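**Q** Below is the sequence, then the predicted model.
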Amino acid sequence: MAYHDVVMAGFGGQGLMAIGKLLAKAAMDEGRHVTWLPSYGPEMRGGTANCVVVVDDEPIGSPSVEHAQAAIVMNRPSLDKFEDTLATGGLLVINTSLIAEPVHRADLTTVLVPANDIAEAEGSPKAANMVMLGAYVAHCGVVSAASIEHAIEVSYVGAKKAYGEANLRAFRRGLAS
Amino acid sequence: MAYHDVVMAGFGGQGLMAIGKLLAKAAMDEGRHVTWLPSYGPEMRGGTANCVVVVDDEPIGSPSVEHAQAAIVMNRPSLDKFEDTLATGGLLVINTSLIAEPVHRADLTTVLVPANDIAEAEGSPKAANMVMLGAYVAHCGVVSAASIEHAIEVSYVGAKKAYGEANLRAFRRGLAS
Amino acid sequence: MNHIDIDRERCKSCGLCIDVCNKHLLEFSKDLNSHGYHPVELRNPEKCSACSLCGIVCPEGGVQVYKEIRDKTR
Amino acid sequence: MNHIDIDRERCKSCGLCIDVCNKHLLEFSKDLNSHGYHPVELRNPEKCSACSLCGIVCPEGGVQVYKEIRDKTR
Amino acid sequence: MPSQKQLMKGAEAIAEAAIRAGCRHFFGYPITPQNEIPEYMSKRLPEVGGVYLQAESEVASINMIFGGASTGARVLTSSSSPGVSLMSEGASYLVGAELPAVIVNIMRGGPGLGDIAPSQSDWSMMTKGWGHGDKRYISLCPATVQEAVDMMSLAFDLAEKYRNPVVLLGDGLLGQMMEPVIFPALSEIAPEQSWAARGKLATRPRVIVRSLYLDPAELERHVDHLYDKFARMEREEPRAETWMCDDEPPVLVCAFGTVARIAKTAIGKLRGEGLRVGLWRPMTAWPFPVESLQKAAATSDRLLSIEMNKGQMVEDIRAVIGHDKPVGFWGRSGGMVPTVDEMMNAIRGQFANA
Amino acid sequence: MPSQKQLMKGAEAIAEAAIRAGCRHFFGYPITPQNEIPEYMSKRLPEVGGVYLQAESEVASINMIFGGASTGARVLTSSSSPGVSLMSEGASYLVGAELPAVIVNIMRGGPGLGDIAPSQSDWSMMTKGWGHGDKRYISLCPATVQEAVDMMSLAFDLAEKYRNPVVLLGDGLLGQMMEPVIFPALSEIAPEQSWAARGKLATRPRVIVRSLYLDPAELERHVDHLYDKFARMEREEPRAETWMCDDEPPVLVCAFGTVARIAKTAIGKLRGEGLRVGLWRPMTAWPFPVESLQKAAATSDRLLSIEMNKGQMVEDIRAVIGHDKPVGFWGRSGGMVPTVDEMMNAIRGQFANA
Amino acid sequence: MTETLAFGRTPLLTHNYMHYCPGCTHGVAHRLVAEVIDEMGIQDRTIGVSPVGCAVLAYNYIDVDFIEAAHGRAPAAATGLRRTLPPDRYIFAYQGDGDLASIGMAEIVHAANRGEKLTIIFVNNAIYGMTGGQMAPTTLPGMKTTTSPGGRDVAQTGHPIRVCELLDTLVAPVFIARGSLSSAKNTIKAKKLLRQAFDLQHQGFTFVELLSTCPTGWGLSPTDSLAWLDRNMLPFFPTKTFREPGAMPEHTAAYHPDLKVRD
Amino acid sequence: MTETLAFGRTPLLTHNYMHYCPGCTHGVAHRLVAEVIDEMGIQDRTIGVSPVGCAVLAYNYIDVDFIEAAHGRAPAAATGLRRTLPPDRYIFAYQGDGDLASIGMAEIVHAANRGEKLTIIFVNNAIYGMTGGQMAPTTLPGMKTTTSPGGRDVAQTGHPIRVCELLDTLVAPVFIARGSLSSAKNTIKAKKLLRQAFDLQHQGFTFVELLSTCPTGWGLSPTDSLAWLDRNMLPFFPTKTFREPGAMPEHTAAYHPDLKVRD
Ligand SMILES: Cc1ncc(C[n+]2csc(CCOP(=O)(O)OP(=O)(O)O)c2C)c(N)n1
Ligand SMILES: Cc1ncc(C[n+]2csc(CCOP(=O)(O)OP(=O)(O)O)c2C)c(N)n1
Ligand code: SF4
Ligand code: SF4
Ligand code: SF4
Ligand code: SF4
Ligand code: SF4
Ligand code: SF4
Ligand SMILES: [Mg+2]
Ligand SMILES: [Mg+2]
């Protein structure tokens, strides 16, 4: 996959930025060019937030994207915002724990993940984002699951190790979902 | 006299700015174009200061002057500075009460005025500047003495009236000197 | 009956009202509002003293408190 | 003999030293220095106590005060 | 009643002219060579029921102006180069919030503390870089004290016409010199602007004076709106003078402010020597009078910009003239005022080049 | 040891790069979108024996920089547009006193408070008007995080080479995005400048760091000396990139900073459509790479400047190109980032015009 | 059975959804200001000045005419309002601790010293909220922020500035007080201070500091934040009224300003 | 018969002719600073910061390395020096009342609050000397200046700011004192204060205010100026030592900064 881009969106605090960074790190470790770009509303906490990750074999031009190839959406307003802008045939990963609405576009590959439920079942209610990341990687394959797992391992060290392990488990549950 | 310019220079506090303004006012009252431009050193008091007055029948271009047609100099450093720059055939009015040095240039019309002595004799030691102005007007004639006298009268009113009268007397002593 | 009116859409689940209510009448709802918060709900209105403390601490101005007026002649 | 040394060229005739000398030994000179000031001069050096007050108040650092050292064995 | 002729320092005349133009509120901080403006205001404004307030700094001045302009009042501040630098942020805010205000800059030698002598070295700052963001200011450049007086009421009118700050750009020479001057009659301007923040009225929407537009799309619309105004200024407000150009002289001198008047003397003398030289003088630094320059330059062979700086306006001239004909520069900087003689030499050099 | 590849935010990478370049002293004040610079510095500088100090304002920052630079230390401050406005006076002082220092401006939308989204609308301020007087700053404009890192040590070297402040001019996109980056090894630079004020030594004349020259003749000599340096900068320091220009494309897109990289994507796609388009990218906003532009433009029919503002760099381009060929402008402002699609449309329009 | 509104939402608060973080007491401070203006019946004569800080959008929430000042310059902008508006207007500025005590220190000291007839509401949350939790001049010793990652080191950055105490050295102010928003009881008291300040505004400079929370910047839950405020801020920032009309700092009363230099 | 130099010109004063007006006590202040540096033997380790004000040319007269700060920013520039130079250096800034108490209020408060290891010499002559005698923040009530032609009107412009008192509300400073140059006796005392400040500088922030004259701005003779200072400035600006090492403002000692937010 030469060029790929993905937008990850949800409420501030749902951990979208973090999974974007993990993806970017994994891609970098695989020797690819990569950019990660955040976007926030005026709120310091709450509100909606998103990030865009671009991966390519060539140096990357625009780090921001109008019609992304893939989207991970974790709340309703983000679905409203990004469903319309996704590229034709794009991949849409939806957190059905928080989003009851149906997807209208027929041309998209839609992956439905009850991420919060899975994470809660796994005993790590905060790791819904990891579940989403897992589902996305499973369906998109822009990077290998192993690269993400490595990125998780090196990102959560020291006091955060236990947290990293929980994230790893959640990620794998997502992969398998 | 279509165009005329004069520089008036001395220690700060000797009243050069004031006589420059009187000349400018007199010229204005005679319907001429006129500019008055001051120049100070870094000192707030003391140091040397000068002003340039330009009078013309036409609108005036430069309010500052390189080779003035006339100079009123009230101290030694000003003589040093302006003797050399005066225009050929210029008028140089010198306060001999404070300047003992001779004038070197032969092409100038030199007027020697013991201004402080005259002013002191007149009982107005601070009016040496007016004596100088009088001598200058007498030899230059750019404006009439009457215009200067009028300017003095209207410039010193109310509480300053007595001061204005002393100035008038000193000016007349200068005219006659 | 005394009761309070919580603006579900304004509530940000900060919990300050829950903490201040010394009758412990307030709880988070299970549902999310459109901003992603679990708004607070009044559980046992009959115990509410209409003391207004919940309203005073609410940063969103999201609580209104109603006091029952008992007929004094009774 | 005690005496003071006034830097004629630095003196600006401010008169602060004249005022502070409680022996009244200081006066303006009739002559101007090159800056147009009448520098202060010491009149009766024999009366100078070398108290240094004139030096302490001079804003120009223009006064130096010399004290005679009497031979203590005498 | 228009007054009779008075002899007045440029700085004081500017202050009086502002009052005549209906300005009753001055906020400023002392700096040479324009102290006569605040000093005059401190005396004169209370006499006409106005308010003079010395700010704690130029940063405070420009923000007091911001508050004052928000109420629709005709407000003025004045300063000189370093102080005007300090106003950069506030000036950009005035543009963003669409507030009318007049700022006088009596330029002195720079950079840094520089000196207190006359200079024109803030041309680039005032016309291009004064503060951040996409913004513009009308800058008026008087050459005589009388023109400064006349431009003062124009400045307030333009500020209100466009709801944008307007600069009166003078130099130490203009500020310090005395010339005879005639003032217009005193006018009273009631601050009755619908956009002014004076307390919420039932009769109009609530007023919020602001420059924040957190949504970039909204900010872009706002900036586009500002640029519509700037485009209109570029159409309607350029002002320039041409002098001694009737015989289509081969050499066109370009100069603004007091340098232009010195240039007139020099050109007059060169004409006496038989050299055909004309003068083009922008009276607005921005909007730069492009058409007027093009017209004046059309019939000349070469241009020479003369400035009291290291060559700032000449960049704008070159942008207009392009490579069509040579545009030379000669100037003095650091507070040195060009003399007539050296200016004549510089102009003569153009004929030598030709 | 040069480090291995790391994924890092632009702002943090800039901070780390400064440290690698020998900077041990940072003075700054928070402002979005560059807070990661001070935050990173507050953590990292103490680890390498340096000093992070939060100033009370940007005015204080730039004056702390002034003091720090006076001792010969490699000092840094960073801010974003409104804060950089506030530094105007101090920046002019740095030039006047001939002090080396590096200032990072991560631009956001303006004017006024504007927004916190990416922008390039301080081009004019930084290249022409930042502060009063005759002055200049070298401004470096990186397009990628790696280039920002590389330019950081260049910035310090140039600042010291010329004893003049140097600006790193980025935008919110550059500051906020993460990219893989490789750092050079950590260097220690001992402040042993002969001109530094570190205490009077018997071995050299007393040091006085100042910008005041009360005698205009002396100030003029000083400004002439500064301009000798600026002229040397104009000869030696312009930097630019041309891309996809080998086949002498008829349309030359001009863009700087992050817009240039977006333009690369757009141009690449247009090339795919068979349209011959090239890119010219200044890497120094000032000195503006005139020769490089002339060369790149020589073989093209028309130019299009694309900017995240209302058209600022385009003025410099037009000044270079003159009336020789059309120079168009297309841009987004107020924090809107141009998309590849709309950029492609704008460029296609040039072919339509042709 | 009828009922009465024991606690209602003042109409002076607009319907806009507030952008503040959950539990942030900026919202409480807004409400108090709105209630005071409402109770005084001065909505049509009140002009607010919003700061640059989390409260920059205050004008979206409090329904009076507003201007938005540059960062730290609200007292100067408010001065511009006061000096140009009819004297019956009420003018308040709302400022955070970065805005007022850091970049805006000169402006607040001078507005206070001139005795500008204003009410300044100083919301002190010991941190820069809006920009992401950097150290403020009022940050407590040892307190961790994004620019004091090891905790505020008093040896390097000094101690918190107590603005009320500092302004209390000036002669002109007529009202200076510090309140807290850490509990319902304190909030009620804080409102009284605001009311006093507005009531006294036409006599001179009035200033109310409100100790406030920033759960996001502090990294604490909203309820923990209130407790933290009480435990840690109050000892250093005592809540009290420092100045009331008639009171004056030491040495001032004895001084009779009747001199003239030059006549 | 031999003689000894009872009072000599310190070699730390250069030979340059001073540009000050006759009788201006800036010259006295310069001499005292030079004498202190001389006596401490720290000429080679001392860096001065000159202000923008009449003393802008201080570097022409005091023979140490110098930098010239922008108007009001000397404390910031001095901070830049302090934070980059080896700790054994002595750094002083010399500022006037316009420079320090007006435009530079934020910088002086914050340098003091951070406890920068500096000595600030504050020459308070109650007027803007350099620019021609405009009103300063320390101008006395009723005092006529070129921008308060009717005398300072306290109702419009407030009362003089007492900077020592204001800074004394901060925790960090180790020395704050006010002296006067109005007589030989006071001048001798003032020098002691300067010496104390320099001696304590490496412990923290030190501040000496010197009441000074501006005969030109005041429109009085030099001798009348000294008398005017004593009669009019002293009652409002008492000369005393406000802060010595170990002393602390109210409420501070009781406060134990040991908290941490977030771990
Ligand atoms: C000139 C300038 N500098 C810096 C900023 C960035 N900035 C915005 S708000 C803020 C500080 C906010 O802190 P505070 O005043 O305490 O308000 P809070 O958000 O905590 O309520 C800063 C530094 C700016 N907008 N303008
Ligand atoms: C930014 C800026 N604003 C204003 C000035 C003009 N200025 C120079 S000195 C001065 C005030 C001097 O007063 P003070 O600090 O009391 O010193 P003094 O001359 O009385 O010793 C002012 C306003 C300046 N140089 N720079
Ligand atoms: S009014 Fe009082 S008792 Fe009723 S819910 Fe609110 S806090 Fe509880
Ligand atoms: S205080 Fe208000 S916002 Fe917070 S939980 Fe209660 S109702 Fe919701
Ligand atoms: S040393 Fe004392 S006695 Fe002698 S001249 Fe000076 S002041 Fe007078
Ligand atoms: S104090 Fe100094 S300057 Fe003043 S009169 Fe005496 S010697 Fe001269
Ligand atoms: S960042 Fe802090 S001050 Fe700002 S809204 Fe959030 S909690 Fe409130
Ligand atoms: S103006 Fe005043 S402060 Fe300045 S030198 Fe003269 S007397 Fe001294
Ligand atoms: Mg805060
Ligand atoms: Mg002073």
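**A** Arrived safely. Numbering: from 1, shown residues only, chains lettered A, B, ... in the order given. Ligands and ions are numbered 1, 2, ... in the order given.
**Q** Residue A:131 against residue A:113, yeah?
**A** Yes: taking C-beta atoms under 8 Å as the definition, residue A:131 is a contact partner of residue A:113 at 6.1 Å. (Glycine included, C-beta is placed from N, CA and C.)
**Q** overlap in contacts of those two?
**A** Both residue A:131 and residue A:113 are in contact with A:174, A:177, where contact means C-beta atoms under 8 Å, 6 or more residues apart in numbering or on different chains.
**Q** what's the neighbour count on the closest residue to residue E:83 other than its chain neighbours?
**A** Counting by C-beta to C-beta, 6 or more residues apart in numbering or on different chains, residue E:83 lies nearest to residue E:58, which is 4.0 Å off, once chain neighbours are set aside. Each residue near residue E:58 was counted by other C-beta atoms under 10 Å in any protein chain shown, and the total is 27.
**Q** Residue A:131 and residue A:113: who's more crowded?
**A** residue A:131 (33 against 26).
**Q** where does chain A dip in pLDDT?
**A** A:1, A:41-44 (pLDDT under 70).
**Q** Show me the strands in it, by range?
**A** A:4-11, A:33-40, A:48-56, A:70-73, A:91-95, A:109-113 (DSSP state E).
**Q** out of those, nearest to ligand 5?
**A** Nearest of the strands of chain A to ligand 5, taken as C-beta to the nearest ligand atom: strand A:33-40 at 73.0 Å.
**Q** quick one: is the closest one near chain C?
**A** No: judged by C-beta under 8 Å from any C-beta of the partner chain, strand A:33-40 makes no contact with chain C; its nearest approach is 14.8 Å.
**Q** picking up where we left off before, can I assume the residue nearest to residue E:83 is in contact with residue E:79?
**A** Yes: assessed by C-beta under 8 Å, residue E:58 is found in contact with residue E:79 at 5.4 Å.
**Q** From residue E:89, how far off is the closest residue to residue G:104 other than its chain neighbours?
**A** Using C-beta to C-beta, 6+ apart and skipping the chain neighbours, the partner closest in space to residue G:104 is residue G:72 (2.8 Å). According to C-beta to C-beta, to the nearest Å, residue G:72 stands 10 Å off from residue E:89.
**Q** now residue A:144
**A** 50 Å.
**Q** Those two: which is more packed in?
**A** Neighbours per residue (other C-beta under 10 Å) separate residue A:144 from residue E:89, with residue E:89 holding more: 30 against 13.
**Q** how about that one, what does it touch?
**A** Listed by C-beta under 8 Å, 6+ apart, the contact partners of residue E:89 are E:59, E:62, E:131-132, F:82-83, F:85-86, G:70.
**Q** Output the helix or strand containing it as CSV, nothing but the C-alphas.
**A** In this structure, residue E:89 sits in helix E:88-96 according to DSSP states H and E. Output of helix E:88-96 as CSV, limited to C-alpha atoms (Å, rounded to 0.1, in the frame of the first residue of the first chain):
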residue,chain,number,x,y,z
SER,E,88,2.0,46.5,16.9
GLU,E,89,-0.1,43.9,18.5
GLY,E,90,-2.8,46.4,19.5
ALA,E,91,-2.8,47.9,16.0
SER,E,92,-3.5,44.5,14.5
TYR,E,93,-6.4,44.1,17.1
LEU,E,94,-7.9,47.4,16.0
VAL,E,95,-8.0,46.2,12.4
GLY,E,96,-9.4,42.8,13.4
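**Q** List the buried residues for the next helix or strand after that helix?
**A** Later in the chain than helix E:88-96, the nearest helix or strand by DSSP H and E is strand E:101-107. Within strand E:101-107, the residues that qualify as buried are E:101-107, counting by 16 or more other C-beta atoms under 10 Å in any protein chain shown.
**Q** Strand E:101-107: partners in the sheet, and parallel or antiparallel?
**A** strand E:75-79 (parallel), strand E:165-171 (parallel) (DSSP bridges).
**Q** so which of the ones you listed gets nearest residue A:84?
**A** Comparison of the strands paired with strand E:101-107 against residue A:84 by C-beta to C-beta identifies strand E:165-171 as nearest, at 41.8 Å.
**Q** Helix, strand, or coil at the nearest residue to residue E:300 once chain neighbours are set aside?
**A** For residue E:300, ignoring the flanking residues on the chain, the nearest one in space by C-beta to C-beta, 6+ apart is residue E:252 at 4.0 Å. At residue E:252, secondary structure determined by DSSP: H, G, I helix; E, B strand; the rest coil is strand.
**Q** For residue E:218, pull up the helix or strand it's in.
**A** helix E:216-236.
**Q** Ignore what I typed, I meant residue E:269.
**A** helix E:257-272.
**Q** hey, what's residue E:8 bridged with?
**A** Beta-bridge partners, per DSSP bridges, of residue E:8: residue E:179.
**Q** which residue ranges form the helices in the stretch 51-200 of chain G?
**A** G:58-61, G:74-84, G:97, G:105-114, G:154-157, G:163-167, G:184-200 (DSSP state H, counting those that start in this stretch).
**Q** Give me the buried positions along the longest one.
**A** If you call a residue buried by 16+ other C-beta under 10 Å, then helix G:184-200 has these buried ones: G:184, G:186-187, G:189-191, G:193-198, G:200.
**Q** got the contact list for that helix?
**A** C:20, C:53, C:56-57, G:28-29, G:32-33, G:35-37, G:39-40, G:42, G:90, G:92, G:119, G:121, G:174-175, G:177, G:179-181, G:206-208, G:210, G:239, G:241, G:245.
**Q** Chain F contacts on the stretch 1-150 of chain G?
**A** G:52, G:56, G:68, G:70-72, G:98, G:102-103, G:105, G:128, G:130-132, G:134-135, G:137, G:146-150.
**Q** Setting the sequence-adjacent residues aside, check what's closest to the closest residue to chain D within chain C.
**A** Across chain C, the shortest distance to chain D (C-beta to the nearest C-beta) belongs to residue C:59, at 61.0 Å. Nearest residue to residue C:59 in three dimensions, chain neighbours excluded: residue G:27, at 3.0 Å (C-beta to C-beta, 6+ apart).
**Q** ok, that neighbour to residue G:122 distance?
**A** To residue G:122, residue G:27 is 17 Å away according to C-beta to C-beta.
**Q** same deal with residue E:142?
**A** Residue E:142 is 44 Å from residue G:122, by C-beta to C-beta.
**Q** now the contacts of helix G:184-200: which count as buried?
**A** C:20, C:53, C:56-57, G:28-29, G:32-33, G:35-37, G:42, G:90, G:92, G:119, G:121, G:174-175, G:177, G:179-181, G:206-208, G:210, G:239.
**Q** Just the strands from chain C, written as ranges.
**A** Per DSSP E, chain C carries strands over the ranges C:3-6, C:26-28, C:40-42, C:63-69.
**Q** mind putting the ones you listed in CSV, mean pLDDT, mean neighbour count and distance to residue F:43 included?
**A** Formatted as CSV, the strands of chain C follow (pLDDT from 0 to 100; neighbours: other C-beta atoms under 10 Å in any protein chain shown; distance: least, C-beta to C-beta, whole Å):
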stretch, mean pLDDT, mean neighbour count, distance to residue F:43
strand C:3-6, 96, 19, 42
strand C:26-28, 97, 17, 36
strand C:40-42, 97, 21, 38
strand C:63-69, 95, 19, 41
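**Q** show me the contacts for the residue of chain E at minimum distance from chain F.
**A** Chain E approaches chain F most closely through residue E:129 (1.4 Å), counting by C-beta to the nearest C-beta. By C-beta under 8 Å, 6+ apart, the contact list for residue E:129 reads F:124-130.
**Q** Mind doing that once more with 7 Å?
**A** With contact set as C-beta atoms under 7 Å, 6 or more residues apart in numbering or on different chains, residue E:129 has these partners: F:124-125, F:128-130.
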